[in-house]
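Student: could you look at this predicted model? Sequence included:
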Amino acid sequence: MLQDLILVVDDEAQIRRAVRRALEGDGHRVHDAESGQEALDLAVTERPALVVLDLGLPDLPGIDVCRRLRAMGAGPILVLSARHDDAEKVALLDAGADDYVTKPFSTVELQARARALLRRVRRDDPAASILTLGDVVLDFQTPLATRAGEPVHLTKTEWALLRTMAAHLGRTLTHRQLWLAVWGPAHGDAAQHLRVHVRSIRRKLEADAVRPVLLVTEPGVGYRLEKPA
């Protein structure tokens, strides 16, 4: 039986009950909150492994709660949203969300997305300094990259990008998030600048740079680092 604590944040009691049933049915412990401030307070005291966050809260904008949870170092954030256009998706990812489920949602989908996010939680542990992606091995401590046992030269910028994405393995990071993480609050065309470095990394690490499976593009949004199946 799983024992991850999940915090469910929604102002509608009916939705909270439905989400609670789905997650408890999957073996998780669940606490819930009906307002943004209550969620922030519980995040401090309970340290949930995952937050399921509705955007329509009575006291604070859901996207602001998302930003504050991320700033606090909260676990993965799964957003419940009735809206799912590209602009909102980018805004949510920029605010720190890890994934989203659109309303109305199915129990099976909610359970699967929650399980996936919990699997992706990366603990601060020495083993995390080495990441194996198929025949590619990235040792961030040395640093040393190999592909099929052969060393691969990566620039400092390429290491910085890979380190940032490895810390959020499987999660799409927006152009802005990557830009800020590597270059800070500098000016420039983030998407174009990143495209050049991503192309270089793919040439060095992917078996087929035209059809990448490790460094994946989310069109119009950003990139994510994936473990091959």
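Tutor: Received it, and whenever you're ready, just let me know what you need.
Student: what sits up against the strand or helix carrying Arg20?
Tutor: Assigned by DSSP states H and E, Arg20 belongs to helix 13-24. Contact partners of helix 13-24, identified using CB atoms under 8 Å, 6 or more residues apart in numbering, comprise 6, 8, 10, 30, 32, 34, 52, 54, 80, 103, 107, 110-111, 114. Quick note: C-beta positions are derived from backbone N, CA and C, even for glycine.
Student: quick one, phi psi at Ile130?
Tutor: Main-chain dihedrals, Ile130, degrees, to the nearest 10: phi -120, psi 120.
Student: again with Leu50
Tutor: Residue torsions, per degrees, to the nearest 10, at Leu50 are phi -150, psi 140.
Student: A strand includes Leu194, no?
Tutor: No: using DSSP: H, G, I helix; E, B strand; the rest coil, the secondary structure at Leu194 is helix, not a strand.
Student: show me what counts as buried in the helix holding Arg20.
Tutor: For helix 13-24, a neighbour-count test (16 or more other CB atoms under 10 Å) marks 15-16, 18-20, 22-23 as buried.
Student: now swap in stretch 179-190 and tell me
Tutor: Residues 179-182, 190 are the ones in stretch 179-190 that count as buried (16+ other CB under 10 Å).
Student: tell me how far stretch 76-94 lies from the chain's centre.
Tutor: 12 Å (CA atoms, centre = their mean, to the nearest Å).
Student: and that stretch, end to end?
Tutor: This stretch, stretch 76-94, spans 14 Å end to end (CA to CA, to the nearest Å).
Student: and this structure, what are its domain boundaries?
Tutor: 5-120, 126-225 (automatic domain parsing).
Student: looking at these, which is buried most?
Tutor: domain 5-120 (a mean of 18; mean count of other CB atoms under 10 Å).
Student: what's the first helix or strand after the strand or helix carrying Asp94?
Tutor: Asp94 belongs to helix 86-95 when assigned by DSSP H and E. The element immediately downstream of helix 86-95 (helix or strand, assigned by DSSP H and E) is strand 99-102.
Student: what's in contact with that next one?
Tutor: 76, 78-84, 89, 92, 109-110, 113, 116-117, 171.
Student: for these, which one is nearest Asp139?
Tutor: Nearest to Asp139 among the contacts of strand 99-102: Arg171, at 21.6 Å, using CB to CB.
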